[in-house]
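*Asks:* Quick one, fold the following:
(2 chains)
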Number of protein chains: 2
Amino acid sequence: MAKDKKMVDAITSMDEDFAKWYTDICMKAELVSYTSVKGCMVIRPYGYAIWENIQHILDTKFKELGHENVCMPMFIPESLLQKEKDHVEGFAPEVAWVTYGGSEKLEDRLCVRPTSETLFCEHYANIVHSYRDLPKLYNQWVSVVRWEKTTRPFLRSREFLWQEGHTIHETPEEAIEETERMLNVYADFCEQQLAVPVVKGRKTESDKFAGAEATYAIEALMHDGKALQAGTSHYFGDGFAKAFDITYTGRDNKLAHPFQTSWGVTTRLIGAVIMTHGDDNGLVLPPAVAPVQVVIVPIAQHKEGVLDKANELYNTLKNAGIRVKLDDSEQSPGWKFAQYEMKGVPVRLEIGPKDIENDQCVLVTRHNREKVFCKLGELVETVNERLQAVHDGLYAKALENRERRTYVCKTLDEITKALEEKGDGFVKAMWCGDEACEDKVKELTGVGSRCIPFEQEEIADTCVCCGKPAKHMVLWGKAY
Amino acid sequence: MAKDKKMVDAITSMDEDFAKWYTDICMKAELVSYTSVKGCMVIRPYGYAIWENIQHILDTKFKELGHENVCMPMFIPESLLQKEKDHVEGFAPEVAWVTYGGSEKLEDRLCVRPTSETLFCEHYANIVHSYRDLPKLYNQWVSVVRWEKTTRPFLRSREFLWQEGHTIHETPEEAIEETERMLNVYADFCEQQLAVPVVKGRKTESDKFAGAEATYAIEALMHDGKALQAGTSHYFGDGFAKAFDITYTGRDNKLAHPFQTSWGVTTRLIGAVIMTHGDDNGLVLPPAVAPVQVVIVPIAQHKEGVLDKANELYNTLKNAGIRVKLDDSEQSPGWKFAQYEMKGVPVRLEIGPKDIENDQCVLVTRHNREKVFCKLGELVETVNERLQAVHDGLYAKALENRERRTYVCKTLDEITKALEEKGDGFVKAMWCGDEACEDKVKELTGVGSRCIPFEQEEIADTCVCCGKPAKHMVLWGKAY
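*Replies:* Down below sits the predicted model:
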């Protein structure tokens, strides 16, 4: 009971200490738990169920688009990792090395995959011979390891779960189209399922994936005004194919190198959901990925007929395909309200003797505590309408936060002033394309380049930093 | 084209070289591919799709029984692994050790999990405090690593995919009930979905899981007469709880140690399917897990109306929830027949101009090449009936193989003679319970104890080896 109570103790307020608030939610909503493996975490049932919902929606979409799941080894021999120069430089400093198998020292040590381009390339070289073998559209759901120094649940951990798509094509056009298509899949997923608005764009040269010709990303703005990269999609050209000697006989009967992509999203998306929608009462989950969409809390449940009716409503909702939970435990309704608010259940259904008399129940939406009465004969329609209202409300609120915290600036001074006066946020400002200016903006204002948005705006003719002619409008921000 | 042709080249006959036949199927049915990571493999789309079907069926069943999925770290610190004496002795010699993170040497080296009891125990100690917290019924779908010396696709590889269930209970009775329940889930799955008959039983002391009080297993007999352990379920008593200091306050308000189980099946099940049902034309898949249940091969597809009709049938089957593929590529029907026989597609549907005239199609079942004509108006029912016929046929054939190769023996001589005359198989013989006799039987006859079947038979009063009073009937065999 002491433990139960602790669960619904107030959490740190987000305005007081956002980082602490975030960790409190991760723990008190029972999403994760720490382990003695430094930088790694247990994803607990409630957290993992969110990931399973994310997986299910994305996996279905990937398959609709013709992708097939595979599974590569979790180890990469050092000699294989070293085949693509930029790639090994980018990843080698942050991998975990297996040096012993049992008591035997390994000749070629193995890294635990930080990403699997090298393994896919080796496999392509084995199975791709003719243009008839192309494209291959592969994906895998696995965990990867990157030896990070500072870690936070979901946002940055030494091991994390992700999907990595890997595709190989006849032409650069096809590969680029795939790179863009998958970025759009991610963007649509974030906006339509997670209710997290994102900006789509291209990373600058300095921020590309190790070995890529171009990296596209979606960037979201968290409640505290910091930016979170929510997904990336890379176009590799034929660089990996050349490094790994992947060739195929083309339609013209000549040997050629194919063109590749990769793209991924991670359990970081759960971090994005927490920091976009959560509030001082806990987690707030978008209905599409909420493990429980509706929780039924009976009022005065000892009174005759209440639990029967609650069970009846449970069955009605369950049969309609809604993820519903009935909590008929002996805790008080007040305790249950707080508990399911902490866990971010989108809709609470209250049903008591008076409601039954009036042939109605009460529906309360988590994000705004709006209360509506619902005729029991219209239960499924009303609940679905409420779930949609939660999604729409979350999206609108997140978009409003982002708009309010997006600052259009023409000078470095304007950037500094906006951040000081209005707090962290996205900055839109022009850039000449020179890496020195990119670095200087970060040094002087604290915001780094997040991406070059596909939707460009003409804010000025000149670079915000050096005054030379501008090439792009860049979205700048402080990143998680 | 050369490559395509190779795919349907004949494979080694199973009677000639069973091991080579097995590997040929793994490669030519495109289930796996080798990598430069010794002892690890790529599971290719067709192989992985079988695993996804296995996952989906089992995961649904686990959840119906109240289990929740979680995800533990893939690493175990050496100090944590060492907490349970038997467990570390059993696993430490065969684990992969991570000794460096980036360029930094680790103080406490990490093994890549060979199994996750230790991590679950650490987590339980954190989250279990009261009897109200029990039971916890957890499962995870991950890969594990064991540094095997000789490896074979699916049967024994350094990394393999599996699910590991881990549960913790108030009483030994509950935990034992869970151990048995999950063994039954595995047995039912093997028989009803994979069409693989199994014997349920308990492992002898020498063959128990490291740290278990009792290990239950299901044993299947492969086509070559060798035994394959297809799933295990372990009862731990409170041994792990004591070693990891997991306590809870009981209903009597006293501190107590809870009782644990774990249970798992692996990608080995795919090996079991291959070696139970496959034949000299390739793989034969049970319909429940076949990625493609029905392949439509149009005959004379250039003729007017054939492809239209084939597409119509495709849509009819697809809408009925059947996993169907239409191959309208330019390969010849004969090539396609061989190709999909190699891939083990349970039912082939042929449709040509004459069939269309007669308002029928031809259905051919993979395992026995039985041909039936099917009225197009009865397509879905007939196809479902054919799929059931494949399942039933496969099960009956596998059972017949097992019965024919199960030898009831009263003496060691009888065992030797049976194996010599009739080939490898299961031996049923009595045992006194003494480990020395168990070892001696293996030494003298080549068959080891597979399990003590739950369904005991009274073959004799005395041990097959020493002649002392018998305690159990044991199932003996040569194991994969």
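*Asks:* Which residue lies closest in space to A:Gly448, excluding its sequence neighbours?
*Replies:* Closest residue in space to A:Gly448, ignoring its immediate chain neighbours: A:Lys442 at 4.5 Å, by C-beta to C-beta, 6 or more residues apart in numbering or on different chains. Where you see a C-beta, it was placed from the backbone N, CA and C, and this is true even at glycine.
*Asks:* Could you report the pLDDT at the one you found?
*Replies:* Looking at A:Lys442, its pLDDT stands at 97.
*Asks:* Just say helix, strand or coil for it.
*Replies:* helix (DSSP: H, G, I helix; E, B strand; the rest coil).
*Asks:* Burial check on it, number of neighbours?
*Replies:* Using other C-beta atoms under 10 Å in any protein chain shown, A:Lys442 has 14 other residues around it.
*Asks:* And for A:Arg132?
*Replies:* 13.
*Asks:* is it true that it lies in a strand?
*Replies:* No: counting by three-state DSSP, A:Arg132 is located in no strand; its state is helix.
*Asks:* Domain map for chain A?
*Replies:* A:18-72+A:122-277, A:292-388, A:406-477 (automatic domain parsing).
*Asks:* Please, where are all the helices along the stretch 51-200 of chain A?
*Replies:* A:78-81, A:85-91, A:117-127, A:172-192 (DSSP state H, counting those that start in this stretch).
*Asks:* Go through the ones you listed and find the least confident stretch.
*Replies:* Mean pLDDT, when computed for each of those, is lowest for helix A:85-91, at a mean of 89.
*Asks:* Show me what A:Glu164 is bridged to.
*Replies:* A:Gln140, A:Gly264 (DSSP bridges).
*Asks:* re earlier: can you add distance to B:Val32 and give the domains of chain A back as CSV?
*Replies:* Shown next, in CSV, are these (distance: least, C-beta to C-beta, whole Å):
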stretch, distance to B:Val32
domain A:18-72+A:122-277, 10
domain A:292-388, 36
domain A:406-477, 39
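*Asks:* what's the closest of these to B:Glu357?
*Replies:* Nearest to B:Glu357 among the domains of chain A is domain A:18-72+A:122-277 (33.6 Å), distances taken as C-beta to C-beta.
*Asks:* Give me the distance between the two termini of that closest one.
*Replies:* 13 Å (C-alpha to C-alpha, to the nearest Å).
*Asks:* Where does the stretch 301-450 of chain A get nearest to chain B, which residue?
*Replies:* Chain B sits closest to A:Ser329 of the stretch 301-450 of chain A, with a gap of 9.6 Å, by C-beta to the nearest C-beta.
*Asks:* Setting aside sequence neighbours, what's the nearest residue to that residue?
*Replies:* Nearest residue to A:Ser329 in three dimensions, chain neighbours excluded: A:Lys336, at 7.7 Å (C-beta to C-beta, 6+ apart).
*Asks:* Burial check on A:Glu458, number of neighbours?
*Replies:* A:Glu458 has 8 nearby residues by other C-beta under 10 Å.
*Asks:* what's near enough to touch it?
*Replies:* A:Met473 (C-beta atoms under 8 Å, 6 or more residues apart in numbering or on different chains).
*Asks:* about what we covered before: could I get the helices of the stretch 51-200 of chain A as JSON lines with distance to A:Leu31 and mean neighbour count?
*Replies:* Below are the helices of the stretch 51-200 of chain A laid out as JSON lines (distance: least, C-beta to C-beta, whole Å; neighbours: other C-beta atoms under 10 Å in any protein chain shown):
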{"stretch": "helix A:78-81", "distance to A:Leu31": "33", "mean neighbour count": "18"}
{"stretch": "helix A:85-91", "distance to A:Leu31": "28", "mean neighbour count": "17"}
{"stretch": "helix A:117-127", "distance to A:Leu31": "30", "mean neighbour count": "22"}
{"stretch": "helix A:172-192", "distance to A:Leu31": "19", "mean neighbour count": "19"}
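*Asks:* Mind putting those into TSV with distance to A:Tyr395?
*Replies:* As requested, those are exported to TSV (distance: least, C-beta to C-beta, whole Å):
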stretch	distance to A:Tyr395
helix A:78-81	41
helix A:85-91	35
helix A:117-127	34
helix A:172-192	7
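*Asks:* would you list those helices in CSV and tack on distance to chain B?
*Replies:* Below are those laid out as CSV (distance: least, C-beta to the nearest C-beta, whole Å):
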stretch, distance to chain B
helix A:78-81, 6
helix A:85-91, 10
helix A:117-127, 5
helix A:172-192, 17
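*Asks:* For B:Val273, find the nearest of those helices.
*Replies:* Per C-beta to C-beta, nearest to B:Val273 of the helices of the stretch 51-200 of chain A: helix A:117-127, 22.9 Å.
*Asks:* residue of the stretch 251-400 of chain A with the smallest distance to chain B?
*Replies:* Counting by C-beta to the nearest C-beta, the stretch 251-400 of chain A gets nearest to chain B through A:Thr267 (8.8 Å).
*Asks:* pLDDT value on the closest residue in space to that residue that isn't next to it in sequence, please?
*Replies:* Excluding the flanking residues, the one nearest A:Thr267 by C-beta to C-beta, 6+ apart is A:Leu161, at 4.6 Å. With respect to pLDDT, A:Leu161 has a value of 98.
*Asks:* Helix or strand: which one has A:Phe240?
*Replies:* helix A:239-243 (DSSP states H and E).
*Asks:* So which elements touch that helix?
*Replies:* The contact analysis (3 or more C-beta pairs under 8 Å, 6 or more residues apart in numbering or on different chains; DSSP states H and E) places helix A:239-243 against helix A:85-91, helix A:117-127, strand A:259-266.
*Asks:* Tell me how far the very next helix or strand once past that helix lies from the chain's centre.
*Replies:* Using DSSP H and E, the next helix or strand after helix A:239-243 towards the C-terminus is strand A:248-249. Strand A:248-249 sits 37 Å away from the centroid of its parent chain (C-alpha atoms, centre = their mean, to the nearest Å).
*Asks:* Which helix or which strand is home to the one residue sitting closest to the centre of chain A?
*Replies:* For chain A, the residue nearest the mean C-alpha position is A:Leu269 (2.0 Å; C-alpha atoms, centre = their mean). Here A:Leu269, judged by DSSP H and E, is contained in helix A:268-277.
*Asks:* any idea how far the residue nearest to the centre of chain A lies from A:Gln229?
*Replies:* 11 Å (C-beta to C-beta, to the nearest Å).
*Asks:* How about A:Ser206?
*Replies:* From A:Ser206 to A:Gln229 the distance is 14 Å (C-beta to C-beta).
*Asks:* Same check on A:Val345?
*Replies:* 28 Å.
*Asks:* These two: who's more crowded?
*Replies:* A:Val345 (28 against 22).
*Asks:* Which is the succeeding secondary structure element to the lowest-mean-pLDDT helix or strand in chain A?
*Replies:* The helix or strand of chain A with the lowest confidence, counting by mean pLDDT, DSSP states H and E, is helix A:2-7 at a mean of 44. Per DSSP H and E, the first helix or strand lying C-terminal to helix A:2-7 is helix A:18-28.
*Asks:* dump the residue contacts of A:Leu119.
*Replies:* A:Met72, A:Pro73, A:Ile76, A:Leu80, A:Arg113, B:Thr35, B:Val37, B:Val42.
*Asks:* For the nearest residue in space to A:Phe244 that is not next to it in sequence, give its distance to A:Pro258.
*Replies:* Of all residues not flanking A:Phe244 in the chain, A:Cys121 sits nearest, at 3.8 Å (C-beta to C-beta, 6+ apart). Taking C-beta to C-beta as the measure, A:Cys121 falls 10 Å from A:Pro258.
*Asks:* Give me the common contacts of those two.
*Replies:* Once C-beta under 8 Å, 6+ apart is applied, the residues that A:Cys121 and A:Pro258 both contact turn out to be A:Ala241, A:Ile246.
*Asks:* The residue of the stretch 301-450 of chain A closest to chain B: neighbouring residues, count only.
*Replies:* Neighbours of A:Ser329 using other C-beta under 10 Å come to 13.
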